[in-house]
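Asker: Any chance you could fold what I've pasted below:
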Amino acid sequence: MAAKPTAKNKKWFKDLCENGCQICGRKFPYLKNNGLEWSHILSKKSGGKDEEINCLALCRNCSVALDVIIKPAIFNALNKLNDRKVPESWENGEGRKGK
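Answerer: Numbering: from 1, shown residues only. Just a heads-up that it's a prediction; the model follows:
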């Protein structure tokens, strides 16, 4: 789930928050960091670290959706593939990012 950024990481986390939630784009300008929280892609419990590459700036709704809906869906899909490899097409957003 969400964790507070350490003093060492505040700058890059604040920079991530400038553009709004990295999933839905929402901002809450009247709240610190646009109301966004630090969400780990790979949880600290699973060995993830407080590094920019492992964290997303998400609104509360998207943070919960990531942990409760998206991660289990990806886990189940990769288990069904049997090799647990992420498809290479994911790198460019499955063609949705214009690349």
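Asker: you'd agree Leu56 is in a strand?
Answerer: Yes. Counting by DSSP: H, G, I helix; E, B strand; the rest coil, Leu56 is found in a strand.
Asker: Does it touch Leu66 like I think?
Answerer: Yes. Leu56 is within contact range of Leu66, at 7.3 Å (criterion: Cβ atoms under 8 Å). C-betas here are computed from N, CA, C, even on glycine.
Asker: What is the burial count for Ser63?
Answerer: 21 (other Cβ atoms under 10 Å).
Asker: got it, and Cys62?
Answerer: For Cys62, the number of neighbouring residues by other Cβ under 10 Å comes to 21.
Asker: my read: it touches Gly25, true?
Answerer: No. With contact defined as Cβ under 8 Å, Cys62 does not reach Gly25; the gap is 9.6 Å.
Asker: one step back: return every residue with contacts to both of Leu56 and Leu66.
Answerer: Counting by Cβ atoms under 8 Å, 6 or more residues apart in numbering, the common neighbours of Leu56 and Leu66 are 23, 39.
Asker: give me the number of residues near Leu42?
Answerer: Leu42: 13 neighbours (other Cβ under 10 Å).
Asker: residues in contact with it?
Answerer: 48, 54.
Asker: Now do the helices in the chain.
Answerer: 10-17, 60-65, 71-81 (DSSP state H).
Asker: lowest-pLDDT helix or strand in the chain?
Answerer: Across the helices and strands of the chain, mean confidence by mean pLDDT, DSSP states H and E is lowest for strand 2-3: a mean of 57.
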